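In: Structure of the sequence below:
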Amino acid sequence: MSSSFSSTSDSALNMHARLPNSIKILAGNSHIELCQKIAARLGIPIARVGAFQYTNTETAVAVGESVRDEDVYIICQIGSGEVNYRVIELMIMINACKTASARRITVILPNFPYARQDRKDKSRAPITAKLMADMLTSAGCGHVITMDLHASQIQGFFRVPVDNLYAEPSVVRYIKEKIDYRNAIIVSPDAGGAKRAAGLADRLDLNFALIHKERAKANEVSRMVLVGDVSDKVCVIVDDIADTCGTLAKAAEVLLDNNAKEVIAIVTHGILSGDAIKNINNSKLKRVVCTNTVPLEDKLQLCSKLDAIDVSASIAEAIRRLHNGESISYLFKHAPL
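Out: Residues are numbered from 1 along each chain as shown. Model prediction:
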């Protein structure tokens, strides 16, 4: 009886060893629409996860199914709304999967939080992007997938691999399909985005212009100077983050004052906080286009000038390629259909 039991167990173990690792997708509560699109693209249901707060606002998370020895992908959008609450929710989800013996935990952060605090630009300033990296790895994250980091050097803050996807392929497709791009010029709203604008202009074989801005204080632009000729051109302003949209509104005025035909803004992360919707509606911008790395559903109803680019296919393909051990660099220049 003893030898028979041993043989059966060995057979079961060997059969299990030949099975491929399965994927579990967990979703945070902040952007369930994007998570559903990614899961549908992969043909995988979203795992059951419950997150709630105690009366003293402590966060609790319960994973409703086994993740033992599986590859777990946690999709969490943190960039608008209750940012700090979402950060803690994510950390607890990671730790819950780690203590439940997940094989590998990959965090999908389409919009990396605190990315704008990436350097010590004044005395006693914190480098909060590095703190975020330390928190993620300490919680148990083994890999990070994000999109259009505010500064690519943030990848160096991590002790685990980071894949920084680009929205550029999807933006190129949008421009070619929905804008008279042969009569367009790419515009960077500041010096920091010049490389991004130049790269996009090269792919479209267009010229690019630059707006130099001077800030009186954070989120307030005092003066803008245009470098380049935009006369009778469709100006496409490209940026990674749109927060209050004050910069975009003033940039549109500067461009139109310099005889631009019309102004369209395309940004990766449409945080759109504060008076952003009011600023867009009152601005001279013809259109503001954002990817859905940040939830836009309610804001699209409040602003007729807003449009969205769906990047769920790129994120889903990145997950598939990572799980199958394929190169992700293909996605840097190509957007899945």
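In: separation between the residue nearest the centre of the chain and Asp205?
Out: Against the mean C-alpha coordinate of the chain, by Cα atoms, centre = their mean, the closest residue is Pro110 at 2.4 Å. Pro110 sits 29 Å away from Asp205, going by Cβ to Cβ, to the nearest Å. Placement of C-beta: from N, CA and C, glycine included.
In: cool, and Thr291?
Out: Computed with Cβ to Cβ, the distance linking Thr291 and Asp205 is 23 Å.
In: Settle it for me: which of these two has more neighbours?
Out: Thr291 (26 against 8; other Cβ atoms under 10 Å).
In: hang on, Ala167 packs against Met147?
Out: Yes: between Ala167 and Met147 there is a contact under Cβ atoms under 8 Å: 6.0 Å.
In: hmm, back to that, how many neighbours does the closest residue to the residue nearest to the centre of the chain other than its chain neighbours have?
Out: Distances taken as Cβ to Cβ, 6 or more residues apart in numbering place Thr293 nearest to Pro110, at 3.6 Å, with adjacent residues excluded. For Thr293, the neighbour count with other Cβ under 10 Å is 28.
In: Ok, His269 next?
Out: Neighbourhood size, His269 [other Cβ under 10 Å]: 25.
In: Repeat that for Gln117.
Out: 17.
In: Go ahead and confirm Pro336 touches Ile315.
Out: No: Pro336 lies out of contact with Ile315 (Cβ under 8 Å); the separation is 9.7 Å.
In: Give me the more crowded residue out of the two.
Out: Just comparing Pro336 and Ile315: by other Cβ under 10 Å the higher neighbour count belongs to Ile315, 26 against 17.
In: that older thread, now do the phi/psi pair for the residue nearest to Pro110.
Out: Per-residue torsions, Thr293: phi -70, psi -20 (degrees, to the nearest 10).
In: and it, how far is that from Cys235?
Out: Distance from Thr293 to Cys235, by Cβ to Cβ: 23 Å.
In: repeat for Thr137
Out: Thr137 sits 41 Å away from Cys235, going by Cβ to Cβ.
In: Below-threshold pLDDT in this structure: ranges please.
Out: Within the chain, the segments meeting pLDDT under 70 span 1-21, 80, 214-222.
In: Now do the strands in it.
Out: 23-27, 49-53, 59-63, 71-75, 104-109, 143-147, 162-165, 184-188, 208-217, 220-227, 234-242, 262-270, 287-291, 306-309 (DSSP state E).
In: Tell me which of the ones you listed lies nearest to Gly43.
Out: Closest approach to Gly43 among those (Cβ to Cβ): strand 23-27, 10.0 Å.
In: measure stretch 185-201 end to end?
Out: One end of stretch 185-201 sits 8 Å from the other (Cα to Cα, to the nearest Å).
In: Domain parsing of this protein, as residue ranges.
Out: With domains defined by automatic domain parsing, the chain comprises 20-166+313-332, 168-309.
In: coming back round to it: need the overlap of contacts for Ala167 and Met147.
Out: 268, 291, 293, 311, 314 (Cβ atoms under 8 Å, 6 or more residues apart in numbering).
In: now those residues in TSV, with distance to Asp190?
Out: As requested, the shared contacts of Ala167 and Met147 are exported to TSV (distance: Cβ to Cβ, whole Å):
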residue	distance to Asp190
Thr268	15
Thr291	20
Thr293	20
Val311	23
Ser314	25
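In: so which of these comes closest to Leu131?
Out: The closest of the shared contacts of Ala167 and Met147 to Leu131 turns out to be Thr293 (Cβ to Cβ; 21.3 Å).
In: Verify the contact between the closest one and Gln77 for me.
Out: Yes: counting by Cβ under 8 Å, Gln77 is a contact partner of Thr293 at 6.8 Å.
In: Quick check: the gap between Val267 and Gln53.
Out: Applying Cβ to Cβ to Val267 and Gln53 gives a distance of 31 Å.
In: Over to Asp310?
Out: Asp310 sits 31 Å away from Gln53, going by Cβ to Cβ.
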